[in-house]
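Asker: For reference, the sequence and a predicted model appear below.
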Amino acid sequence: MAGQPKVPFYLAVGCVVLGLIGFAMFRADVFAPKGKQDQPNDIIDPKQLGGGGDELKPGAVEAHDDSSVTTLKEYTFKPSEKLPPVKGIAAYKPLADNTVRFALNVWAGWAPIIHANNGFKPAKIWKGSDGKDFKVELVLIDNPIEMRDAYAAGDVQIGWATLDMMPLFVDGFVDSSGTPKDSRVMPRVFQQIDWSNGGDGIVVRDTIKTVTDLRGKSIALAENSPSHYFLLNMLVAGGIQPGEVKLNFTGTAFEAAAAFNADKNIAAAVSWAPDIYKLSEVKGNRLLVSTGTANKLIADVWFARADFAHDHPPIIEGLVRGIFDSMAALKQDAEKQKVSELMAAGYGLPPADALGMLGDAHSTNWAENHQFFKNQNNPTNFARVWNQAYYLYRSIRQVKNQPVPFDQVMDFTVIDKLGADDKYRSQTDESVVQFVPKTTTEVRGAEEILTNTVVIHFYPNSFEIFKKVTKDQDGKTLEVDYDPKAKFVVEEIAKLAGQFGNARIIIEGHTDGSMRGKIPDHMVKELSESRANAVKQSLVQQFKLDQNKFNVQGFGWEHPADSTDPQNHAKNRRVEVKIYTAEAE
């Protein structure tokens with residue numbers, strides 16, 4: 001019949017849907033088959049949940065709308081589970097026709113290597129640092145467990161991950177003491193590919209104003225994935241322990257979005273674009289936070305097997321150089337158009353969708369890699385991300401063995417070597433956001449994301465953070481820090497500020513009320529503001545953060561930490577760090 005869709009139309013639609021399903025799984029969102037449960041959690045039939053049924057309810061005014069704002073409509077909750085054991089470990093397969101097998105997933109961040117390789121097939125000739133030729137086959141393995149097992153078996157020499165996922169992988173490669181079971185498969189990370197830049201986020205009901213409001217609420221997400229890591233970071237930064245929320249695990253991030261859309265009892269979902277943005281436009285929902293604001297939280301990397309890296313350093317260097325060179329080339333619109341077509345062919349997506357993906361990731365050039373691997377004062381460097389991931393996953397018992405030190409995985413030898421080449425050394429950090437000065441009132445006009453409360457013990461009537469005092473010990477007079485934990489507290493604030501690279505921060509100073517009625521209020525406010533400013537200056541000077549990112553305000557004793565216990569002086573002597581979106585919505 002004229003005007004009716006033809007068979008090819010339905011085939012095209014089917015391909016798009018399948019591609020989008022694969023698109024969701026790039027972030028380790030289908031991590032594990034059933035395993036041992038730490039806590040029982042029955043499988044729930046979605047139709048038994050409020051709002052999840054398809055039948056027309058008695059008295060309903062409108063029939064159910066089959067259209068959906070989410071990529072998927074169906075979802076299933078699953079019990080908490082750890083990663084399954086590695087299936088088997090073997091030497092890497094010989095390089096057929098000198099071809100390296102490089103695993104990747106459906107993700108915008110891989111655009112540079114797809115561009116550098118002119119697609120997925122091993123056709124282009126690469127050059128190693130020794131001048132010898134090699135080829136690259138890009139192998140799409142979206143499921144992270146399948147990728148890990150192919151890597152361990154030697155079927156691929158290069159693996160993909162977000163850095164926060166790697167402690168989960170590595171835990172399967174070591175014994176209880178953290179010693180490798182087989183050193184051949186221990187990963188070596190040579191290059192950061194990107195920072196997630198809006199691809200991940202948390203969508204909530206509009207009654208949830210800040211992260212603190214999630215306490216006691218139900219949240220849908222994919223376990224053991226960047227979604228999980230993202231949420232754990234937000235909860236801890238907002239003063240909430242994971243046990244204070246109800247986690248509803250789904251198989252994929254898109255299923256989490258579907259569950260949130262179907263069940264109004266779920267207060268939040270950690271998911272991925274485009275679902276988080278489509279859901280936030282639905283009346284009654286809002287986007288709480290995304291990696292567009294927390295733009296230095298989720299880092300994508302590639303890693304090589306230790307045995308392969310040992311045997312083929314020229315190939316490793318050739319890969320790093322080629323990827324960096326394509327990052328530079330992809331600044332041109334024509335090259336973006338070209339790579340979107342290559343991505344579409346490899347991922348099974350329409351070229352327009354592939355082109356639209358590119359904005360979800362910020363490619364990290366040599367200068368940004370140098371900051372990530374080498375700058376010890378970078379609050380979001382490799383070591384801090386690695387240690388944070390281990391800490392969070394050990395705290396919820398998803399990692400059982402002793403941690404592997406970051407420097408046994410990180411390898412900056414190629415980054416160091418390329419620093420001698422002006423082509424790379426001349427690059428600048430393009431991830432830094434330049435802030436213009438704003439008043440505190442203007443900043444408060446934007447959306448608050450979370451409040452992080454920290455305690456620095458200041459010397460009475462002093463705003464010096466690292467105040468030295470003397471004490472007698474064993475007949476000797478020693479000079480010691482008044483608050484020995486102060487430097488660690490400042491580092492934690494810096495890490496939070498670094499993770500929220502595209503957010504503004506207000507540092508609030510508070511004092512106790514022990515001198516209430518004895519001195520003027522304005523003197524206490526001045527002291528508390530001086531203390532807040534001292535924290536700001538320490539962040540700016542030590543970690544080279546933009547001073548315009550921070551505003552300070554002193555409240556004196558006006559706002560006790562606990563209104564039911566206003567005389568708790570220890571609680572009241574504190575600094576609060578409030579994170580705001582960069583602009584009012």
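Answerer: That came through, no problem.
Asker: Go through this protein and flag its longest strand.
Answerer: Counting residues, the longest strand found in the chain (DSSP state E) is strand 187-196.
Asker: Tell me which residues of that strand come out buried.
Answerer: By 16 or more other CB atoms under 10 Å, the buried positions in strand 187-196 come out as Pro187, Arg188, Val189, Phe190, Gln191, Gln192, Ile193, Asp194, Trp195, Ser196. Every C-beta, even on glycine, is put in place using the N, C-alpha and C of the backbone.
Asker: ok, the fourth one touching Ala306?
Answerer: No - in this structure Phe190 lies outside contact range of Ala306 using CB atoms under 8 Å: 11.6 Å.
Asker: What count of nearby residues applies to the residue lying closest to Ser363 once chain neighbours are set aside?
Answerer: The shortest distance from Ser363 to any non-neighbouring residue, by CB to CB, 6 or more residues apart in numbering, is to Met327 (4.5 Å). Neighbour count for Met327, taken as other CB atoms under 10 Å: 23.
Asker: all strands for the stretch 251-400 of the chain, in order.
Answerer: 268-272, 285-290, 299-305, 361-363 (DSSP state E, counting those that start in this stretch).
Asker: Phi, psi for the residue at minimal distance from the centre of the chain please.
Answerer: Nearest residue to the geometric centre of the chain (CA atoms, centre = their mean): Ile298, 2.5 Å. Backbone torsions of Ile298, given as degrees, to the nearest 10, read phi -110, psi 110.
Asker: returning to that earlier point: tell me the helices and strands packed up against the very next helix or strand once past the longest strand of the chain.
Answerer: Of the helices and strands lying after strand 187-196 in sequence (DSSP states H and E), the nearest is strand 200-205. If contacts are counted by 3 or more CB pairs under 8 Å, 6 or more residues apart in numbering; DSSP states H and E, strand 200-205 sits against helix 226-237, strand 268-272, helix 275-280, strand 285-290.
Asker: any weak-confidence spans in the protein?
Answerer: Within the chain, the stretches with pLDDT under 70 are 1-68, 563, 566, 583-585.
Asker: Pull out the buried residues from the longest helix seen in it.
Answerer: When the chain is parsed with DSSP state H, its longest helix is helix 521-543. By neighbour count on 16+ other CB under 10 Å, the buried set for helix 521-543 is 524-525, 527-536, 538-540, 543.
Asker: Which strands and helices lie in contact with it?
Answerer: Using 3+ CB pairs under 8 Å, 6+ apart, helix 521-543 is in contact with helix 486-499, strand 503-510, strand 550-556, strand 574-581.
Asker: Tell me which of those sits most buried.
Answerer: strand 503-510 (a mean of 24; mean count of other CB atoms under 10 Å).
Asker: Check the gap between Pro112 and Val139 for me.
Answerer: 17 Å (CB to CB, to the nearest Å).
Asker: can you check Phe230 too?
Answerer: Counting by CB to CB, the separation of Phe230 from Val139 is 27 Å.
Asker: ok so, going back, right, and the helices and strands packed on helix 521-543 - which one's nearest Ala267?
Answerer: For those, distance to Ala267 was read as CB to CB. The smallest value, 19.7 Å, belongs to strand 574-581.
Asker: partners of that closest one, with directions?
Answerer: Applying DSSP bridges, strand 574-581 is found paired with strand 448-454 (antiparallel), strand 503-510 (antiparallel).
Asker: got the angle for the longest one vs strand 550-556?
Answerer: Just to be clear, that refers to strand 503-510. 20 degrees (axes from the mean of the first three to the mean of the last three CA atoms, to 10 degrees).
Asker: Buried deepest among the strands of the stretch 251-400 of the chain, which one?
Answerer: Comparing the strands of the stretch 251-400 of the chain by mean count of other CB under 10 Å gives strand 268-272 as most buried, with a mean of 31.
Asker: Can you list the strands that it pairs with?
Answerer: strand 200-205 (antiparallel), strand 218-222 (parallel).
Asker: Format the ones you listed as CSV; extra columns: mean neighbour count and distance to Val454.
Answerer: Listed next are the strands paired with strand 268-272 as CSV, based on neighbours: other CB atoms under 10 Å; distance: least, CB to CB, whole Å:
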stretch, mean neighbour count, distance to Val454
strand 200-205, 25, 23
strand 218-222, 24, 25
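Asker: Tell me which of those lies nearest to Ala344.
Answerer: Set against Ala344 and scored by CB to CB, the strands paired with strand 268-272 come closest in strand 200-205, at 22.2 Å.
Asker: now that closest one, how far from the centre of its chain.
Answerer: 14 Å (CA atoms, centre = their mean, to the nearest Å).
Asker: One more: stretch 297-311?
Answerer: Offset of stretch 297-311 from its chain centre (CA atoms, centre = their mean): 18 Å.
Asker: State whether Leu478 is indeed within a strand.
Answerer: Yes - membership of Leu478 in a strand is supported by DSSP: H, G, I helix; E, B strand; the rest coil.
Asker: nearest residue to it other than its sequence neighbours?
Answerer: Setting aside the residues directly before and after it, Leu478 is nearest to Lys471 in space (CB to CB, 6+ apart), at 5.8 Å.
Asker: Isn't the one you found up against Val480?
Answerer: Yes - under the criterion of CB under 8 Å, Lys471 makes contact with Val480 at 6.0 Å.
Asker: Burial check on Pro313, number of neighbours?
Answerer: Neighbours of Pro313 (other CB under 10 Å): 18.
Asker: go on, Ile465?
Answerer: Ile465 has 22 nearby residues by other CB under 10 Å.
Asker: if I pick it, what's in contact with it?
Answerer: By CB atoms under 8 Å, 6 or more residues apart in numbering, the contact set of Ile465 is Ile456, Phe458, Asp483, Ala486, Val490, Ala534, Val535, Ser538.
Asker: Please, where are all the strands along the stretch 51-200 of the chain?
Answerer: With DSSP E, counting those that start in this stretch as the criterion, the stretch 51-200 of the chain has strands at 77-78, 99-104, 126-127, 133-140, 158-162, 187-196, 200-205.
Asker: okay, those strands in a markdown table with distance to Arg321 next?
Answerer: Formatted as a markdown table, the strands of the stretch 51-200 of the chain follow (distance: least, CB to CB, whole Å):
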| stretch | distance to Arg321 |
| --- | --- |
| strand 77-78 | 42 |
| strand 99-104 | 14 |
| strand 126-127 | 9 |
| strand 133-140 | 12 |
| strand 158-162 | 15 |
| strand 187-196 | 10 |
| strand 200-205 | 29 |
